[in-house]
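Participant: heads up, no residue letters with this:
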């Protein structure tokens, strides 16, 4: 998996997404030979675009799809979601995810780590990305570090990718910059 800070979209993927608005592209190196067996893809890239302006690029080292299923089970996942201006608004990684191929929604699980365009960093155990409204949210315990270094812990958050707005629920300040921590 690529480190969080170095995840970028290739020019090829971006051009392909602009040429095929609303179409998902899945590329793999290895797949099952028979339709009645599980389809296994290596180095999968999934692209979804709305007229080339707002796009989502999801990469996984492995994807598994059961016959007749619209759900892909992904491993070692990276996400880059653009805001309305077409620029990256959210970059995230996780250990596993389930991608709904019909809606492009996905549920991330295990070591979910992300960074927003304005510098907020977050960690949580699981989160759900809703493709239509371009929102990621969780009700799980989450930690957010804002651009000033203030560390907050709360019971979930919601991040609007398009508006670039983060809302944390039941937040408690864990540590503010320059604040002495009790020993």
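Facilitator: Cool, the structure landed. Given the structure is predicted, the values throughout are model-derived calculations rather than measurements.
Participant: so what sits opposite residue 41 in the bridge?
Facilitator: Listed by DSSP bridges, the beta-bridge partners for residue 41 are residue 63.
Participant: can I assume it is in contact with residue 61?
Facilitator: No. Residue 41 lies out of contact with residue 61 (C-beta atoms under 8 Å); the separation is 9.6 Å. Placement of C-beta: from N, CA and C, glycine included.
Participant: neighbour count: these two, which is higher?
Facilitator: Higher neighbour count among residue 41 and residue 61: residue 41, with 22 against 15, using other C-beta atoms under 10 Å.
Participant: could you check how far the more buried one is from residue 150?
Facilitator: Here the criterion is C-beta to C-beta, to the nearest Å. By it, residue 41 lies 41 Å from residue 150.
Participant: swap in residue 158?
Facilitator: Look at residue 158 and residue 150: by C-beta to C-beta, they are 19 Å apart.
Participant: so which residue is smack in the middle of this protein?
Facilitator: residue 79 (3.7 Å; C-alpha atoms, centre = their mean).
Participant: A helix includes that residue, no?
Facilitator: No. According to DSSP: H, G, I helix; E, B strand; the rest coil, the state of residue 79 is strand, so it is not within a helix.
Participant: check which helix or strand covers residue 48.
Facilitator: strand 39-50 (DSSP states H and E).
Participant: and the pLDDT at residue 31?
Facilitator: pLDDT for residue 31: 39.
Participant: leaving out sequence neighbours, find the closest residue to residue 106.
Facilitator: Of all residues beyond its chain neighbours, the one nearest residue 106 is residue 99 (4.3 Å), with distances taken as C-beta to C-beta, 6 or more residues apart in numbering.
Participant: touching, the one you found and residue 59? I think so.
Facilitator: No. When contacts are counted by C-beta under 8 Å, residue 99 is not listed as touching residue 59 (11.2 Å).
Participant: what touches both of those two?
Facilitator: Taking C-beta atoms under 8 Å, 6 or more residues apart in numbering as the criterion, residue 99 and residue 59 both touch residue 46.
Participant: more neighbours: these two, which one.
Facilitator: Each of residue 99 and residue 59 has its neighbours counted (other C-beta under 10 Å); residue 99 has more, 27 against 23.
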